[in-house]
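Need coordinates for the following:
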Amino acid sequence: MDGFVASGALPGAVIGISSPSGEWIEAVGSSGPGGAPLPADAVVRISSMTKPLTAALTHQLAADGVLALNAPVTRWLPELAHRRVVRRLDGPADDTVPAEREATVEDLLTMRLGFGFAFEVDSCPVADLAVARGLGMGPPLPSAVQHTPDEWIAQFATLPLMEQPGRHWRYDLAYSVLGVLLARAEGKPLPALMAERLFQPLGMVDTGFSVPVRARERLIPCFTSGDDGLVVFDGTSDSDWLEPPVFPHAGGGLVSTAADYLRFGRLLLNGGSLPSDGSLPGEGDPLDGGSLLSAEAIDDLSRDHLGEEQRDGPSASIFLDGEGWGHGVQVRLDPALPRRYGWGGGLGTTWYNFPDHGVTAVLMTQHLPPLGEPILHFWKTLDELLGAA
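Residues are numbered from 1 along each chain as shown. Okay, here's the model as predicted:
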């Protein structure tokens with residue numbers, strides 16, 4: 001990463017790796033051109049790395065009997081009853097057929113709801129309607145959606161689906177729906193629910209849908225590329241993440257730190273429990289911090305749920321690159337490489353767990369779109385190190 005900083009490819013990055021032998025977090029570079037050195041506890045916008053946390057919360061509520069994964073979403077979202085589906089993705093939004101079945105909670109987790117980005121066609125009228133109605137079909141800025149959760153689901157209910165539920169994998173509006181469902185099922189706003197069930201028990205003190213006042217000095221800017229170099233996409237003193245959002249985005253709304261996210265990664269590696277001191281135990285060491293997820297839930301979350309045709313579909317081929325999808329995570333299928341699951345965020349963050357090695361790792365940058373070469377180099381290096389271990 002030092003080399004990428006020196007070449008000007010990125011201002012800075014925070015690298016975090018946790019293994020059975022300990023944890024290492026280090027920052028390189030600066031928070032931006034001419035900025036202060038990047039702190040290792042920098043607060044960053046993790047965008048789609050929100051999805052694995054949302055999936056974990058879903059499994060927690062399922063274990064409590066609050067919901068069931070095979071239940072239709074209309075049990076909690078009656079607005080979505082009697083769905084219709086457009087005949088053609090690029091056809092008129094009012095040329096529809098009835099949905100063959102209701103979408104389930106599992107369909108939301110696996111992003112087989114039947115609605116999302118449609119990059120394979122030049123024009124998609126129903127997607128255009130979603131944009132026009134402010135449903136958040138773009139970069140994950142909290143201010144982009146000004147509907148409350150109830151208003152959001154009411155607006156979404158006016159649109160037909162793009163395809164039959166369960167048929168295709170399509171990124172990524174399913175997690176927006178899932179966030180509304182979880183809050184309704186538990187009768188509690190999503191930010192409070194996530195804090196009580198995940199962030200507080202895990203000690204993820206800097207993670208939330210807005211930056212805590214005490215952590216604002218550690219929030220770093222997010223950039224995009226302009227004609228003359230880096231341009232601020234979201235700043236610090238005027239950041240979109242300083243105040244609680246109107247619509248808490250379960251698919252991309254969180255901020256976090258490397259240390260916080262490693263704690264979540266370790267939770268999954270440890271079978272759903274953490275020792276009381278938060279450290280990663282060695283094999284056979286007792287876990288006395290209580291259980292947040294069952295081993296069965298983690299197995300369900302981290303295994304591929306897609307068929308071959310779904311993995312090769314137009315949306316999956318762009319986002320998954322031939323790999324599988326579990327619940328909120330990409331799942332590696334190549335047996336020649338170290339087994340892993342995890343996901344990245346569209347503003348420059350990325351995380352994977354390597355369960356056979358007891359390793360969880362994050363790379364935190366802040367750039368829209370994510371800087372491909374540094375991220376690919378990071379994971380290629382880890383693959384080589386773990387493959388040789």
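
Quick one: the strands in the chain, in order.
In the chain, the segments counted as strands under DSSP state E are 12-19, 22-29, 44-45, 84-86, 96-98, 222-226, 229-234, 255-256, 324-325, 330-331, 341-345, 349-354, 359-364, 367-368.

Can you mark which positions in the fifth one are buried?
Across strand 96-98, burial judged by 16 or more other Cβ atoms under 10 Å covers residue 96. For the C-beta atoms, the positions are set from N, CA and C on the backbone; glycine is no exception.

packing partners for that strand?
Using 3 or more Cβ pairs under 8 Å, 6 or more residues apart in numbering; DSSP states H and E, the elements in contact with strand 96-98 are strand 84-86.

Longest helix in the chain, please.
Longest helix of the chain, by residue count under DSSP state H: helix 372-388.

Format the CA atom coordinates belonging to it as CSV.
Once non-C-alpha atoms are left out, helix 372-388 reads as follows in CSV (Å, rounded to 0.1, in the frame of the first residue of the first chain):
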residue,chain,number,x,y,z
GLY,A,372,-9.5,-1.4,-8.3
GLU,A,373,-5.7,-2.0,-8.5
PRO,A,374,-4.9,-1.4,-4.8
ILE,A,375,-7.8,-3.6,-3.7
LEU,A,376,-7.0,-6.4,-6.1
HIS,A,377,-3.3,-6.3,-5.1
PHE,A,378,-4.3,-6.5,-1.4
TRP,A,379,-6.4,-9.6,-1.8
LYS,A,380,-3.9,-11.3,-4.3
THR,A,381,-1.1,-10.8,-1.7
LEU,A,382,-3.3,-12.3,1.0
ASP,A,383,-4.2,-15.3,-1.2
GLU,A,384,-0.5,-15.9,-1.9
LEU,A,385,0.4,-15.7,1.8
LEU,A,386,-2.4,-18.0,2.9
GLY,A,387,-2.0,-20.4,0.0
ALA,A,388,1.6,-20.9,1.0
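
Do I have it right that residue 341 meets residue 332?
Yes. Counting by Cβ atoms under 8 Å, residue 341 does reach residue 332; the two are 6.9 Å apart.

coming back round to it: name the stretch among the strands of the chain that sits most buried.
strand 44-45 (a mean of 30; mean count of other Cβ atoms under 10 Å).

Can you work out which other helices and strands pack against that strand?
In terms of contacts (3+ Cβ pairs under 8 Å, 6+ apart), strand 44-45 is packed against strand 255-256.

quick one: the strand it packs on to chain centroid distance?
From the chain centre to the centre of strand 255-256 is a distance of 11 Å (Cα atoms, centre = their mean, to the nearest Å).

same question, stretch 20-39
22 Å.

Touching that stretch from outside, list them.
Here stretch 20-39 makes contact (Cβ atoms under 8 Å, 6 or more residues apart in numbering) with 1-2, 5, 10-18, 40, 42, 218, 220-221, 223, 229-230, 232, 258-259, 262, 279-283, 358.

that older thread, of the strands of the chain, which approaches residue 244 most closely?
For these, the distance to residue 244 is smallest for strand 255-256, at 11.8 Å, taking Cβ to Cβ.

The closest one packs against which elements?
strand 44-45.

Can you tell me the strand partners of the strand it packs on and which way each runs?
Strand 44-45 pairs in its sheet with strand 255-256 (antiparallel), by DSSP bridges.

what residues does the strand it pairs with touch?
Identification of contacts with strand 255-256 by Cβ under 8 Å, 6+ apart yields 43-46, 49, 204, 206-211, 219, 241.

repeat that with 10 Å
With Cβ atoms under 10 Å, 6 or more residues apart in numbering as the test, strand 255-256 has contacts from 43-47, 49-50, 53, 199, 204, 206-212, 215, 219, 239, 241-242, 262-264, 345, 349, 351, 362, 364.

residues touching the closest residue to residue 127 other than its chain neighbours, list them.
The shortest distance from residue 127 to any non-neighbouring residue, by Cβ to Cβ, 6 or more residues apart in numbering, is to residue 118 (5.2 Å). Going by Cβ under 10 Å, 6+ apart, residue 118 touches 89-90, 124-128, 137, 162-163, 170-171, 314-315.

Produce a PyMOL select command limited to the buried residues of the residues you listed.
Here is the PyMOL selection string for the buried members of those, based on 16+ other Cβ under 10 Å:
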select buried, resi 89+124+125+126+127+137+162+163+170+171+315
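
Give me the neighbour count for the spatially closest residue to residue 236 that is not a sequence neighbour.
Residue nearest to residue 236 in three dimensions, not counting chain neighbours: residue 219, with 5.0 Å by Cβ to Cβ, 6+ apart. For residue 219, the number of neighbouring residues by other Cβ atoms under 10 Å comes to 24.

Residue 127: what's it in contact with?
89-90, 93, 115-119, 121, 135, 137, 159, 162, 173.

which stretches of the stretch 101-250 of the chain form helices?
105-109, 125-132, 149-156, 174-186, 190-194, 200-202 (DSSP state H, counting those that start in this stretch).

Show me what the fourth one is packed up against.
Under the contact criterion of 3 or more Cβ pairs under 10 Å, 6 or more residues apart in numbering; DSSP states H and E, the helices and strands touching helix 174-186 comprise helix 50-63, helix 105-109, helix 149-156, helix 190-194.

Dump that helix to CSV, restricted to CA.
Extracted C-alpha coordinates of helix 174-186, given in CSV (Å, rounded to 0.1, in the frame of the first residue of the first chain):
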residue,chain,number,x,y,z
ALA,A,174,-33.6,-6.1,-1.9
TYR,A,175,-31.6,-4.9,1.2
SER,A,176,-33.5,-1.6,1.3
VAL,A,177,-36.7,-3.7,1.5
LEU,A,178,-35.1,-6.0,4.1
GLY,A,179,-34.2,-3.1,6.4
VAL,A,180,-37.8,-1.9,6.5
LEU,A,181,-39.0,-5.5,7.1
LEU,A,182,-36.6,-6.0,10.1
ALA,A,183,-37.7,-2.8,11.8
ARG,A,184,-41.3,-3.7,11.4
ALA,A,185,-40.9,-7.3,12.5
GLU,A,186,-39.2,-6.1,15.8
